[in-house]
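# With the input below, show me the fold.
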Amino acid sequence: MSNTLYYGDNLHVLREHVRDGSVDLIYLDPPFNSNANYNILFKSPEGQDSDAQIEAFEDTWHWNDTAETAFDEVMKSGNTAAFELLRAMRAFLGENDMMAYLAMMAVRLIELHRVLKPTGSLYLHCDPTASHYLKLLLDGVFGARQFRNEIVWERTNAHNMKTAAFTRSNDVIFFYTKSDHYSFNTIYTDYGPEQMKRFKADENGRLYKAENLTFSSANKNRQFEWRGTRPPENRSWGASLEQLEQWWAEGRILKKRDGSPRMDGLKIYLDETKGKPVGTNWTDINRVGNTSGERLGYPTQKPLALLERIIAASSNEGDVVLDPFCGCGTAVHAAQKLGRQWIGIDVTHLAISLIEKRMKDAFPGISFTVEGRPQDLAAAMDLAERDKYQFQWWAVSLVDALPFGGKKKGADGGIDGLIYFKPDGKRTEKAIVSVKGGKHVDVKMIRDLHSAMEREKAPFGVFICAALPTGPMEKEAAAVGVWENEYTGRTHPRLQILTLAELFAGKRPDIPWVDASVLKAAKREDQSKQGKLL
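Just a heads-up that it's a prediction; the model follows:
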């Protein structure tokens, strides 16, 4: 299913929802940084002091029963080459975090190979921590013959980093194809200053450079004498006799003093070139810095231009692009911008909610599907029992709130989310959101929320619960009073209780001028004014 976001483990989603041979291009950037936690920074309209940093996920690549199961599944997959590599790695590395990462990546790469079309391509983005191991796995899954390029992306110049070795400033991107017949569109960039020095003006002021008319191959059919000139024994003419004569007639070949053609004299005009073909060293795309307009505060966020280049090179309009670790959604954003269909998968509700907001902000009126999040009360309760934090992040997204507070006990001060609104269109106010997924709720929870409202000087509080509120809870909420909007004259209950059943039915908080675009999302994209990359 294209133009779809899936919440869930990508291994399960791939097996259950993505058909064999249905995807044209896969980009994946699976994080690995042992013992690291990855935080999302949500920017608030109030300034830096009110920013909320949420722990999105932690590095969970540890050797355990899940890793052992992944290892066994590779063994049973029928891909003996991939398993032999994985078995050798286990003998060398032992049962540690890196080995767990490789086992879980191996079984996923096998599934990704399955869903690729025969003409499809895969780009795996990683850093040097595991790149050498991952390339071996890719050789095992795809076959060493299907390796196309190792792309080095200089993501930062790292001027201020202190280290006892050379500063690391690059990531690695492996490019593989499923077969020898695949889509590829050459990407061009502008010539640099040194390359422009090769161009000079002709008698009409038109810029050109001179290229060699021969190439290094002893092709007997192209070693003929032409206008008194013959290529050296180890070289041949780079064009047929007819083409050489046409260029000569058009004045595109420089001449020696005796009037014979110069072998290095084919005139290539600047205004007829597409630019410099992009190679494997990408130094012209800047990382998403702290002051970048793209910055969403998401860990490992990649620049949109990087994904646009990959998608433009290895897919065409209407093709299906898949990102199984989609994070903040840069790949799906680039795919939508370039007229591709897309599938995104992530294991956190924070990511799915962030992508939803990003895509709706960038492409007003866009239509796409979100699968895997609760669609009814039973599913919501199941999520609450399995993972209370994922449940909280999902619940606050229902009321267009920013998630607040992490997994550390007491860190949130009783606040699970914040809704920012502007009653006059200028001044920013906030509502505090508290989420309770348990089967029982009581009046103390309402009092705690009221206390948080007073402490944070918030005019509104929103209490979201799965269970039905009690009479004392409703009475306590009503006693908090109403808030009058002096600009509209309307009054709004200051502390509002919303059940999940009401939210599923479409009810939302009664708050004036709710500003649902507080996430620092990407700028709107006007697809009618796209620049051409090819």
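
# Please put the alpha-carbon coordinates of the helix ranked longest in the chain into PDB.
With secondary structure taken from DSSP state H, the chain has its longest helix at helix 97-115. The C-alpha trace of helix 97-115 is given here as PDB (Å, rounded to 0.1, in the frame of the first residue of the first chain):
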ATOM      1  CA  ASP A  97      25.700  -5.400  20.900                       C
ATOM      2  CA  MET A  98      27.300  -5.300  17.400                       C
ATOM      3  CA  MET A  99      26.400  -8.900  16.800                       C
ATOM      4  CA  ALA A 100      22.800  -8.300  17.800                       C
ATOM      5  CA  TYR A 101      22.600  -5.400  15.500                       C
ATOM      6  CA  LEU A 102      24.000  -7.400  12.600                       C
ATOM      7  CA  ALA A 103      21.600 -10.300  13.200                       C
ATOM      8  CA  MET A 104      18.600  -8.100  13.300                       C
ATOM      9  CA  MET A 105      19.700  -6.200  10.300                       C
ATOM     10  CA  ALA A 106      20.400  -9.400   8.300                       C
ATOM     11  CA  VAL A 107      16.900 -10.700   8.700                       C
ATOM     12  CA  ARG A 108      15.500  -7.300   7.700                       C
ATOM     13  CA  LEU A 109      17.700  -7.000   4.700                       C
ATOM     14  CA  ILE A 110      16.400 -10.400   3.500                       C
ATOM     15  CA  GLU A 111      12.900  -9.000   3.700                       C
ATOM     16  CA  LEU A 112      13.900  -5.800   1.900                       C
ATOM     17  CA  HIS A 113      15.400  -7.800  -0.900                       C
ATOM     18  CA  ARG A 114      12.200  -9.700  -1.200                       C
ATOM     19  CA  VAL A 115      10.000  -6.600  -1.600                       C
END
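
# and the helix or strand just after it, which strands flank it?
Next helix or strand after helix 97-115 toward the C-terminus (DSSP states H and E): strand 116-126. Strand pairing for strand 116-126, using DSSP bridges, gives strand 23-28 (parallel), strand 170-177 (antiparallel).

# by contact count, what packs against the longest helix of the chain?
Judged by 3 or more CB pairs under 8 Å, 6 or more residues apart in numbering; DSSP states H and E, the packing partners of helix 97-115 are helix 10-17, strand 23-28, helix 65-76, helix 80-93, helix 131-142. From N, CA and C alone the C-beta is placed, and that goes for glycine too.

# of those, which approaches residue 209 most closely?
strand 23-28 (34.3 Å; CB to CB).

# what's the closest one in contact with?
112, 115-117, 119-125, 183, 307, 310-311, 314-316, 319-325, 331, 340, 343 (CB atoms under 8 Å, 6 or more residues apart in numbering).

# From those residues, list just the buried residues.
Listed as buried from those are 112, 115-117, 119-125, 183, 307, 310-311, 314-315, 319-325, 331, 340, 343; burial here means 16 or more other CB atoms under 10 Å.

# Now do the contacts for residue 100.
Residues in contact with residue 100, defined by CB under 8 Å, 6+ apart, are 61, 62, 63, 64, 66, 67.

# tell me which of the residues you listed is nearest to residue 172?
Using CB to CB, residue 61 is the member of these that lies nearest residue 172, at 18.2 Å.

# Quick check: closest non-adjacent residue to that closest one.
Excluding the flanking residues, the one nearest residue 61 by CB to CB, 6 or more residues apart in numbering is residue 101, at 3.9 Å.

# now do residue 147
residue 176 (5.7 Å).

# how about the helices in the stretch 301-450 of the chain?
Using DSSP state H, counting those that start in this stretch, the helices of the stretch 301-450 of the chain run over 304-314, 330-337, 349-362, 377-386, 388-398, 443-456.

# Output the below-cut-off pLDDT ranges for the stretch 101-250 of the chain.
156-161 (pLDDT under 70).

# Now with 90, please.
Residues of the stretch 101-250 of the chain meeting the criterion pLDDT under 90: 127-129, 155-170, 189-205, 208-211, 213-226, 228-239.

# tell me the mean pLDDT for stretch 317-330?
Mean pLDDT, stretch 317-330: 95.

# circling back to that earlier point, so, if you compare the contacts of residue 100, which one comes nearest to residue 18?
Lowest distance from residue 18 to the contacts of residue 100 (CB to CB) belongs to residue 66, with 21.0 Å.

# Verify the stated contact: the closest one with residue 101.
No: with contact defined as CB atoms under 8 Å, residue 66 does not reach residue 101; the gap is 11.6 Å.

# Mind checking which of the two has more residues around it?
Set side by side, residue 66 and residue 101 show more neighbours around residue 101, with 26 against 15, by other CB atoms under 10 Å.

# which ones are touching that one?
Contact partners of residue 101, counting by CB under 8 Å, 6+ apart, are 32, 61, 130.

# swap in residue 275?
188, 189, 190, 191.

# Kindly provide the distance from the last one to residue 201.
With distances defined as CB to CB, to the nearest Å, the gap from residue 191 to residue 201 amounts to 15 Å.

# okay, those two: which has more neighbours?
Neighbour comparison, residue 191 and residue 201: the larger count goes to residue 191, with 16 against 10 (by other CB under 10 Å).

# Where does the more buried one sit: helix, strand or coil?
coil (DSSP: H, G, I helix; E, B strand; the rest coil).

# What is the neighbour count of the nearest residue to it once chain neighbours are set aside?
With CB to CB, 6+ apart as the criterion, residue 191 has its nearest non-adjacent residue at 5.3 Å, and that residue is residue 276. Here the count is done by other CB under 10 Å, and residue 276 has 14 residues near it.

# Could I get the contacting residues of residue 276?
So residue 276 contacts 188, 189, 190, 191, 192, 195 (CB under 8 Å, 6+ apart).

# What's the ChimeraX line that selects buried ones from the residues you listed?
Typed into ChimeraX, the line below selects the buried ones among the contacts of residue 276, using 16+ other CB under 10 Å:
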select :189,191
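
# Export the contacts of residue 276 as CSV, with columns for distance to residue 282.
Putting these into CSV (distance: CB to CB, whole Å) gives the following:
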residue, distance to residue 282
188, 13
189, 10
190, 14
191, 16
192, 13
195, 16
